[in-house]
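>>> have a look at this prediction, sequence included:
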Amino acid sequence: MLDTVLSEPQQLKNHFRHSSDLLGSVGLYQGSKWCNEALNGLTQSTDSTTLKLQIDSEYDKEYLDSKFRPLFKFPTTSLWTQDKVSVAKSFFDCKEFDRCANTLKDLRSSKAVFLRLYSTFLSQEKKKEEDTEGVLGQNDNSNSANSAIPTILKELDMLFGLPKTEVKEIYSENPFLLYLQGILLLKQKSESSAQVAFIKSLRIYPFNWSCWIELISSLTNLDQALKILLDFESYFSEYKDRESINVILKIARVVINQEFFQQSMELYELLNYLLKLFPDFSYLKTQKALMSYHALDYQEAENLFDDILSKDPLRLDDMDIYSNILYVMEKKSKLSYLAQFANSIDKFRSETCCIVANYYSLKFEHEKAIMYYRRALTLNRNCLSAWTLMGHEFVELKNSHAAIESYRRAVDINIKDFKAWYGLGQAYEVLDMHLYSLYYYQKACSLKPLDKRIWQALGNCYEKLNKLKDSVRCYKKVLSLNEFENFDNSTIFFKLALLYEKLRLFEKVHDFMKLCYNEEINLNIKNDETAKARLWLAKYEMRNLNFEKAYNYAVDFNHGTSQEIEEARAIARDARNRINSA
């Protein structure tokens, strides 16, 4: 059982306060925001009235106490250098990246070097976006390389290689320069080298959540991810502040497992432990909602997002996922309200555009939905939901080639997005390119092996390729995943019966036709499959001279085509005549 009481809770708060200031000072605003939200989401040791009285008091700034030792801080520099860095940072905040880099060009302090190189990178990214003409347009060169990356990487390699005797600061021990190196290597698709840089950075400063997000996004294998976490736990085991660091490692473990679609009691216990520690941390509540969403428990996911919005009503982060849930549940009025509400908060957020697009998609206005997904991507090219969902819309419009390109972009952003892989499989299936389709379904299945939809798609694909035994195995896997839930398996039973018929295993055909028919009897399910199974069984019993059984199957046949109903009536008459004449 995990103990929710920390021996030094104030120390953890001090680390979050320090990291939010430190990350903000180098322009890593998302990481800074995350640390501030975590700090304010922590359990408060005193009542709110007392806390309000402490505002602006010395007690409120106790992280500056001499007892607190931050895990990393920039070395002290001259006042002249500090002034230069300060004015450059103000240019950075105003998105004048070239001006920021130019101001710092002659400074050698590690903070100045990071801001200069990071500004150069962001400036080139901005110019690249400005040169791009429309999402999926003729001159959409969003995948083109950032021309500044090789130069920055070359300079970083030079700085890291400088002898310690020649420099006042050891650049290779600066976590932010290592983090920047990781980002640039990731842009060059050098995932393993990028991971090495991120790991080095986090070993020096584990409270940089921006670095954790980049590291997690680069991981493609759960075993590899868990091994990296174990290495971190081992590395920090002797640290004085290991209790605070372990909290960060536990949050990282939850996010990694959620990203890889894991479901286990241990994981939920760990998440509940963290939620007791951070009762008001919306980010952790969102992780729990995403886990319910991946487990197809849409009602629980909806309830969790409702709770998040009730506590933090103007939050737009991850609300596009909430709109996906409402879309699947076909809650049109609630999705409409969410779209209007998000639009009133900030109509120029990619999440807002995705929510509005989902609303139009639910109304079958696919062209309007695509227009809003394009708008989301104009605002944020790395908006994963927009690429994947736009692919779905193109599939609806039978534009398979545009759908394939959308899904490919989604996979480029996040190779772990099983929906994009699954979408690629569907798009190629529409084009009757079943070998391609099989490959993409297999990729989706490797990411989410307990999703019965993917196994069903694989079974269908193998059948089209005439690999009947493989198809049988896939459909049986679907049945095993449905074993403990009261699902309608009639379609799967009927599929298996037809496959065994092609394999000429007629006893198996009879067994699965009977199982399909039993779905109608036991669960009162009447569909085309149960009707066909009933008719097949009637014919089977007639051939085997079991006229009474044949009559029972045929006499109540009332669901199917007019031809099938007439055929069943003929069998019933023939069976009754033979019974009477016996």
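Great, that's in hand.

>>> which residues touch residue 351?
316-320, 342, 376 (CB atoms under 8 Å, 6 or more residues apart in numbering). To be clear about C-beta, it is placed using only N, CA and C from the backbone, and glycine gets the same treatment.

>>> in which helix or strand does it reside?
Here residue 351 sits within helix 350-362, counting by DSSP states H and E.

>>> using CSV, write out every CA atom in that helix.
What follows is helix 350-362 as a C-alpha-only set of coordinates in CSV (Å, rounded to 0.1, in the frame of the first residue of the first chain):
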residue,chain,number,x,y,z
SER,A,350,-6.4,24.1,-31.8
GLU,A,351,-8.5,22.3,-29.1
THR,A,352,-11.4,24.6,-29.8
CYS,A,353,-11.2,24.0,-33.5
CYS,A,354,-11.2,20.2,-33.0
ILE,A,355,-14.3,20.4,-30.7
VAL,A,356,-16.2,22.5,-33.3
ALA,A,357,-15.1,20.1,-36.0
ASN,A,358,-16.3,17.1,-34.0
TYR,A,359,-19.7,18.8,-33.6
TYR,A,360,-20.0,19.3,-37.4
SER,A,361,-18.9,15.7,-37.9
LEU,A,362,-21.6,14.4,-35.7
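
>>> got the CA coordinates for the following helix or strand past that helix in CSV?
For helix 350-362, the following helix or strand on the C-terminal side (DSSP H and E) is helix 366-379. Taking Å, rounded to 0.1, in the frame of the first residue of the first chain, the C-alpha atoms of helix 366-379 are listed here in CSV:
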residue,chain,number,x,y,z
HIS,A,366,-18.0,16.5,-43.2
GLU,A,367,-16.7,19.4,-45.3
LYS,A,368,-17.2,21.9,-42.5
ALA,A,369,-15.5,19.4,-40.1
ILE,A,370,-12.5,19.2,-42.4
MET,A,371,-12.4,23.0,-42.6
TYR,A,372,-12.1,23.3,-38.8
TYR,A,373,-9.5,20.5,-38.6
ARG,A,374,-7.4,22.4,-41.1
ARG,A,375,-7.8,25.5,-39.0
ALA,A,376,-6.6,23.6,-35.9
LEU,A,377,-3.6,22.4,-37.9
THR,A,378,-2.9,26.0,-39.1
LEU,A,379,-2.7,27.0,-35.4
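
>>> and helix 366-379 with helix 350-362, angle?
Between helix 366-379 and helix 350-362, the angle comes out at 170 degrees (axes from the mean of the first three to the mean of the last three CA atoms, to 10 degrees).

>>> packing partners for helix 366-379?
Secondary-structure packing of helix 366-379 (3 or more CB pairs under 8 Å, 6 or more residues apart in numbering; DSSP states H and E): helix 350-362, helix 384-396.

>>> in the last one, what's buried?
In other words, helix 384-396. By 16 or more other CB atoms under 10 Å, the buried positions in helix 384-396 come out as 384-395.

>>> related to what we said a few turns ago, which one of the helices and strands packed on helix 366-379 lies closest to residue 487?
Nearest to residue 487, of all the helices and strands packed on helix 366-379, is helix 384-396, at 23.7 Å by CB to CB.

>>> for the helices and strands packed on helix 366-379, give me TSV that also has mean pLDDT.
Shown next, in TSV, are these (pLDDT from 0 to 100):
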stretch	mean pLDDT
helix 350-362	97
helix 384-396	95
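
>>> distance to residue 145 for those helices - can I get that in CSV?
Compiled in CSV, these are given as follows (distance: least, CB to CB, whole Å):
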stretch, distance to residue 145
helix 350-362, 23
helix 384-396, 20
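
>>> any idea which of those helices gets closest to residue 261?
helix 384-396 (14.6 Å).
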